[in-house]
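Colleague: got a predicted structure here, sequence first:
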Amino acid sequence: MEKKEKVILINKKQVTGDLLYKQACKLTNLSQELELAVDFIGHLCVDSEVDKETLYGFINSGSLNNTTDVLQNIQYEIGEVSNSICPDEV
């Protein structure tokens, strides 16, 4: 009796090493973006303890909005990757 190999599909595509590698790369990129945002927030915390004017300068320059955008992008992309690696129901 021949043993059948189980085929797993994601978005109707067969799961391959290449597909999983691409998703892993997306997660690595998101991790790097998150590290940048965390570093920036850490910098703000240190500056706010030392110099209030520097903190206000960061906020007024729009840098805080950029950090918020990065964090929202990370949230969205993680959801996309999560959805893209869930096997299809058969």
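Modeller: Happy to help now that I have it.

Colleague: mind checking pLDDT for D47?
Modeller: As predicted, D47 sits at a pLDDT of 59.

Colleague: should've said V50
Modeller: For V50, pLDDT reads 61.

Colleague: and if you look at the one 4 residues further on?
Modeller: According to the prediction, T54 has pLDDT 71.

Colleague: need the three-state assignment for it.
Modeller: Put simply, T54 is helix when judged by DSSP: H, G, I helix; E, B strand; the rest coil.

Colleague: for it, the count of nearby residues, please.
Modeller: Residues lying near T54 (other Cβ atoms under 10 Å) number 14. Bear in mind the C-beta positions are built from the backbone N, C-alpha and C, glycine included.

Colleague: tell me the spacing between it and C45.
Modeller: 12 Å (Cβ to Cβ, to the nearest Å).

Colleague: so K6 belongs to a helix, correct?
Modeller: No - counting by three-state DSSP, K6 is not part of a helix but coil.

Colleague: list the buried ones in the lowest-mean-pLDDT helix or strand in the chain?
Modeller: Least confident helix or strand, the chain: helix 52-60 with a mean of 74, by mean pLDDT, DSSP states H and E. For helix 52-60, a neighbour-count test (16 or more other Cβ atoms under 10 Å) marks L55, F58 as buried.
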